[in-house]
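> my questions concern the predicted model and sequence given below.
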Amino acid sequence: MRFDVEEVLCKLTQEQKTALVSGVDFWHTYPIPEHGVPSVRFSDGPNGVRGTRLFGGPPSTCLPCGTALGATWGEDLLLEAGGLLGRECIAKGVHCLLGPTLDILRSPLFGRGFEGLGEDPYLTGTLASAIIRGIQSTGVMTAVKHFVAYNQEYERRRVDAVISDRALREIHLRPFQIVARDAQPAALITAYNKVNGTHASQSAKLVEHIVRKEWGWNPLITSDWVGTYSTAEALNAGLDLEMPGPSRYRGSLLQDALDTGQVHQATIDDRARNMLRFARRATRVPVLEASPAAAEVVSRTRTFNRKLCAESIVLLKNEGSILPLPPDIKRIALIGSHMKRTAICGGGSAQLEPEYSVSLYDALCEVLPPTTVITYAPGHDVHKTLPLIIITNGSLEFYNDPPNGNAKLSLGTEPIWRTHFELMDYDGIAELDRDRFWVIMTGSFVPDTTGLWEFGIAVYGTANLYIDDELVIENTSNQVPGTAFFGSGTLEKRASRSLLAGQEYMIRVEFGSANTSPLLAGKKANFAGGGLHLGACPKLDKHQALKDAVAVAKEADYTIICTGLNEDWESEGFDRPDMDLPPGIEQLINEILAVCPSTVIVNQSGTPVTMPWARNAPCIVQAWYGGNETGYGIADVLLGHVNPAGKLPFSWPIDIRDNPSFRNFGMAVEISYTEEIYVGYRFYEKMGRNILFPFGYLFLLHPFDSSTNRRVSIIEEISNPTKPWKIQVSIKNTGQLAGAEVLQVYISPRYPDIDRPLKELCGFKKVFLAPGQRTRVEIPIDRYAASYWSEPGGLWITNKGVYHVVVGSSSRNILGVGVLEIKETRRWIGL
Ligand code: BGC
C-alpha cells in the first residue's frame, strides 16, 4: 500500500513522530501499520548482503572487497554487480543496503581502507555511482557511507579531522557529490568522527547546508550505528534518523528538547517527513521474506562473481613472462599462509558468513592438468587470532544466570558449526535479559593432525574454555584489551593441548555477554550482546615450516606463494601500525626466490603492503580479498584463462614514510590533513617521489600499441556548461590475447593559475579489444575537470586558459597529450 506522506504526517501523534526518527532495533525502523508505513530493513554492505543477523543468518554471496572493485575500473561490470546485490537484498527482505563506502584512502594504514574504492575522488564517485545505479535498478535503496572525512579507526568517535575547505571539497566530499548527481542514493550515513570541531552527525554545515541546500539532494540522513551523540544539536543539524534502536538520544529526550524550545516542531516534522518519504520508497522494494531464495540467487551468481574477482586482479610484475603458466608444468609447489586459507573478505561490519568459498589451493588442484605434480607447504602462518574450528552437534544455550551456582533455566538454544559468534544484535529469545546474559557453547571437535594444538579465545564479554571438562583457558579475569570485535574485545588468550588425530574432544565454552567484562570497569557496553572467537590450529614449528617450504620449492619448476593480510590485519575497529606484511613472510619469500627462479608471488590485501623483495621477485600478482570465488579468480589469471586487466585504484608507496599522511595519521584525537589536496598520486607526482607502483598501473601481459595514441583530440568544445567535453583517442591491441586496457584522462594545467596537482583524473574508459583490433574511443569529461574550489569565493571556478589533457595507461605512463582551451572563466555552486 502506498501512502501519501503529507496526509500521514498530519495524522501522526507526537509519539509516533518521535518513534519514527529512531530505529526499533539493530536493523529496522519504526512501522506504523495503521497508516501503511512499513518498517524499513537495513543490512550491511558493502561487499555482500549479510541480512539482519550478525549470527546465524542465511549465508551470503561475498563479492570482492571495495579496492578490488575499484581495481576493475569497470563501470559496466559494477553496474551488474550492483544488480546482483540488489537481487540478494530482495531475497533477504532488505530494503536498503548499507553501502557503497566512499571514504578516500588517505593512508594505506586505514583499517577499513579495503572497503572503499581507492584514493581518487573521481574514480570512487564514478564507480560507486555504477554500483548504486545497479542496486537501485532493482528497486532496493542504498545508503552511502561514511559522510565525511572518515579515514582512520583510531578513536573514530572522538577524532577531529581538521581539514581545509578546499581539501574537503575537492577530495573528501567529491565522491558524495558525484553520486548525488549521477546516482541519487536514497540514504546517506554520517561518519563517527568530527570534521573541523563538530561531529559529522550534528554538523549543520555538512548535512543541512551542503547536502540539502547546496546540492539540492534530499536523501534520508541517518547516523552510523551508535553515531548519534546529541538530541537537539543533531536534529537541528538535519540528522533524520538515529540508528540503531532502541534510541539513546531521542524518545523522551526529544520531547524534553521540544518542551524546552531547543527543537522546534517544524524541525521534528521535517525529520519525520524524510523518514516517511524513505519508508514510502521502501514500499516499492519487491522484498521477499523467505530466505531460501537467497540460495538460488547465490547459485546464479557464481559465474559472474568469478569473473568479477578475476577482473579485479592486478598483475604488478611479470619479468621473463612467467605468467600465464604453461599448460605442461611437471612439478609445481604451492606455498604460503593463504594457499589453503585464502582470504575472501576484510574484517568488521563488511564481513559476512559466505555461502561457500574456494581456496587457491583447491582451485589450482582442480584446474591444473592431472599430469602436474603438486606439492604443498604452508611455510608460515599469519593469523593474529587463531583460525576458527568446525564443531559437530554444536549448540549455544542461553541463560539469564551465570553458569556457576545453582541449576539454571535454559531459555533457548541456537545451532552453531563454527566457533565464532556475535550477539550484538541478537533478539532470538524474548525472555533473555539482553543487557547481561550467559551462553554455554558445546560441540565436539575432531582434529585432523596429532600433536600439540594451540587454542585461543578472544571475547567481547567473558569466556572460559573447557576441553573434556578440563579448564584450558580462562578469559574472564585479567583481561587485556585487544582489537577483536571492532576494538571492543580482549586480546586472545592462548593455551596448548596435545591432541590425537581422529579422536573426538568435547568443547565447552562458558560465555558472559559484553557487560560481564571487567574491561568495562562498570560502564555499559555499546553493544551488550558481545561476541566470542574460539580458534585452534596445530602449533607450527616456524623453523621447520620454513625448511619444508624451501625444500618443496627447490624441487619445483614453478612455485606459487600466496600470502598477505587477512581480516586479522585489515578490519573495522583498528588501523595497521605499519605497512609491513606479517612477520616471517619476507624471509620466506627471499628464501624461496633464492631456490626457485620461476616464482609467482600472489599478495592478498586490500591496501598496499611493503615489498622489500619486489626488485628480486620476477612475478607479483595483487589479488585483494576476492569474495567467494577468490581461489578460482586467481587461478584463472595464473593460467591465462583471463588476461588480467585490473589496475591499481591507489598509489603503492615503497615505504609508509613516503605517504603524505604519514605524520598526521592515527594515534591522536586531532588530525590535521596537512597534505591538503595532495592525496595519493597528486602528492607523489607533485613531489617527484619514487613509488613502487603508480596509481592506475598494471603490467600488461600483451601491450597495446601506444604509437597510434599520440594524437589526443578534443572533439567537442564546451557550449553548454553542464554538457561534458569529449576526448577522442585511438588504440590498437597488438598482442596475441584478447584483453582490456583502461585509458585514463588526466587534466594538467599548462600554465599554473593556482596551486594545483600536476595531474588529476577526470575521465577513464575500459576498452576490450580482440587481438589486432583497433578502435577509436570517446571519453567524456565534465566541468569539474579543470576546476578548483575557491576558498575565498566559496564556489567552484574553472579559469579560462589552456590545459593539457593527458591520456595515460597509468598516472605515470603517458600515451598522448591533447590541449583543451577554455575560453571563458566559469563559476558555480551546486552539483
Ligand atoms: C559501521 C557501518 C555499518 C554499521 C552497521 C558501523 O559500525 O561503521 O559501516 O554499516 O556499523 O553494521
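Structure received.
> contacting residues around the residue in the chain sticking out farthest from the centre?
Going by C-alpha atoms, centre = their mean, the residue of the chain most distant from its centre is Asn406, 46.0 Å out. Shown in contact with Asn406 (C-beta atoms under 8 Å, 6 or more residues apart in numbering): no residues. Where you see a C-beta, it was placed from the backbone N, CA and C, and this is true even at glycine.
> surely it is within a strand?
No - assigned with DSSP: H, G, I helix; E, B strand; the rest coil, Asn406 falls outside any strand and is coil.
> any idea of the pLDDT on it?
pLDDT for Asn406: 71.
> I'd like to know how far it sits from Thr392.
From Asn406 across to Thr392, the span is 30 Å (C-beta to C-beta, to the nearest Å).
> can you give me the strands for the stretch 601-750 of the chain?
For the stretch 601-750 of the chain, the strands defined by DSSP state E, counting those that start in this stretch occupy 619-622, 670-672, 704-705, 713-716, 725-733, 739-749.
> pLDDT of the shortest one, averaged?
In this model, strand 704-705 carries a mean pLDDT of 59.
> same question, stretch 149-162
97.
> and it, C-alpha only, in PDB?
Extracted as PDB, the C-alpha positions of stretch 149-162 are listed here (Å, rounded to 0.1, in the frame of the first residue of the first chain):
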ATOM      1  CA  ALA A 149      36.500  12.500   6.200                       C
ATOM      2  CA  TYR A 150      36.300   9.100   8.000                       C
ATOM      3  CA  ASN A 151      39.800   8.000   7.300                       C
ATOM      4  CA  GLN A 152      41.000   6.200  10.400                       C
ATOM      5  CA  GLU A 153      39.800   3.800  13.000                       C
ATOM      6  CA  TYR A 154      41.800   5.100  15.900                       C
ATOM      7  CA  GLU A 155      39.400   6.900  18.300                       C
ATOM      8  CA  ARG A 156      37.000   7.100  15.400                       C
ATOM      9  CA  ARG A 157      34.100   8.500  17.500                       C
ATOM     10  CA  ARG A 158      36.300  11.200  19.000                       C
ATOM     11  CA  VAL A 159      38.800  12.100  16.400                       C
ATOM     12  CA  ASP A 160      38.600  15.600  14.800                       C
ATOM     13  CA  ALA A 161      39.600  15.800  11.100                       C
ATOM     14  CA  VAL A 162      41.000  19.300  10.800                       C
END
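> specify the beta-bridge partners of Val509.
Met441, Leu465 (DSSP bridges).
> residue contacts, it?
419, 440-441, 457, 463-466, 532, 534.
> now it: how far from the ligand?
25 Å (C-beta to the nearest ligand atom, to the nearest Å).
> going along the chain, name the strands of the stretch 351-500 of the chain.
373-377, 392-399, 412-415, 420-422, 438-445, 451-460, 462-467, 470-475, 493-499.
> make CSV from these and add distance to the ligand, mean neighbour count and mean pLDDT to it.
Formatted as CSV, these follow (distance: least, C-beta to the nearest ligand atom, whole Å; neighbours: other C-beta atoms under 10 Å; pLDDT from 0 to 100):
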stretch, distance to the ligand, mean neighbour count, mean pLDDT
strand 373-377, 37, 17, 97
strand 392-399, 21, 17, 96
strand 412-415, 20, 14, 94
strand 420-422, 10, 20, 94
strand 438-445, 21, 20, 97
strand 451-460, 13, 23, 97
strand 462-467, 22, 22, 97
strand 470-475, 24, 17, 97
strand 493-499, 25, 17, 97
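> for Phe662, which of the ones you listed is the nearest?
For Phe662, the closest of the strands of the stretch 351-500 of the chain is strand 451-460, at 29.7 Å, according to C-beta to C-beta.
> how about the closest one as CSV, C-alpha atoms only?
Output of strand 451-460 as CSV, limited to C-alpha atoms (Å, rounded to 0.1, in the frame of the first residue of the first chain):
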residue,chain,number,x,y,z
GLY,A,451,50.4,-33.2,18.0
LEU,A,452,50.4,-30.0,20.0
TRP,A,453,47.4,-27.8,19.3
GLU,A,454,47.1,-24.2,20.2
PHE,A,455,43.7,-22.9,21.4
GLY,A,456,42.8,-19.2,21.8
ILE,A,457,39.9,-17.1,23.0
ALA,A,458,39.2,-13.5,22.2
VAL,A,459,36.0,-12.3,23.7
TYR,A,460,33.7,-9.2,23.9
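> just to revisit the earlier point, ok, which of the strands of the stretch 601-750 of the chain comes nearest the ligand?
Taking C-beta to the nearest ligand atom, strand 670-672 is the member of those nearest to the ligand, at 17.8 Å.
> what's the burial count for whatever residue of the stretch 151-300 of the chain ends up closest to the ligand?
Scanning the stretch 151-300 of the chain for proximity to the ligand using C-beta to the nearest ligand atom identifies Trp225 as nearest, at 3.9 Å. By other C-beta atoms under 10 Å, the residues close to Trp225 number 23.
> name the element it belongs to?
For Trp225, there is no enclosing helix or strand under DSSP states H and E.
> wait, Glu208 touches Gly238, no?
Yes - using C-beta atoms under 8 Å, Glu208 is in contact with Gly238, at 3.7 Å.
> and the closest residue to Ala187 other than its chain neighbours, what are its bridge partners?
Nearest non-adjacent residue to Ala187, counting by C-beta to C-beta, 6 or more residues apart in numbering: Ala143, 3.6 Å away. For Ala143, the beta-bridge assignment (DSSP bridges) gives partners Leu98, Ala187.
> run a quick neighbour tally on Ala143.
So Ala143, with other C-beta under 10 Å, has 26 neighbours.
> contact partners for it?
Counting by C-beta under 8 Å, 6+ apart, the residues that Ala143 touches are 42, 45, 96-99, 185-189, 219-220, 222.
> do Leu546 as well
By C-beta under 8 Å, 6+ apart, the contact set of Leu546 is 379-380, 584, 587-588, 591.
> confirm it sits in a strand?
No - using three-state DSSP, the assignment for Leu546 is helix, not a strand.
> and it, how far from the ligand?
With distances taken as C-beta to the nearest ligand atom, Leu546 is found 38 Å from the ligand.
> one more: Asn318?
Counting by C-beta to the nearest ligand atom, the gap from Asn318 to the ligand is 36 Å.
> can you add distance to Gly261 and give the strands of the stretch 351-500 of the chain back as a markdown table?
Listed next are those as a markdown table, based on distance: least, C-beta to C-beta, whole Å:
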| stretch | distance to Gly261 |
| --- | --- |
| strand 373-377 | 71 |
| strand 392-399 | 45 |
| strand 412-415 | 47 |
| strand 420-422 | 42 |
| strand 438-445 | 46 |
| strand 451-460 | 41 |
| strand 462-467 | 46 |
| strand 470-475 | 50 |
| strand 493-499 | 53 |
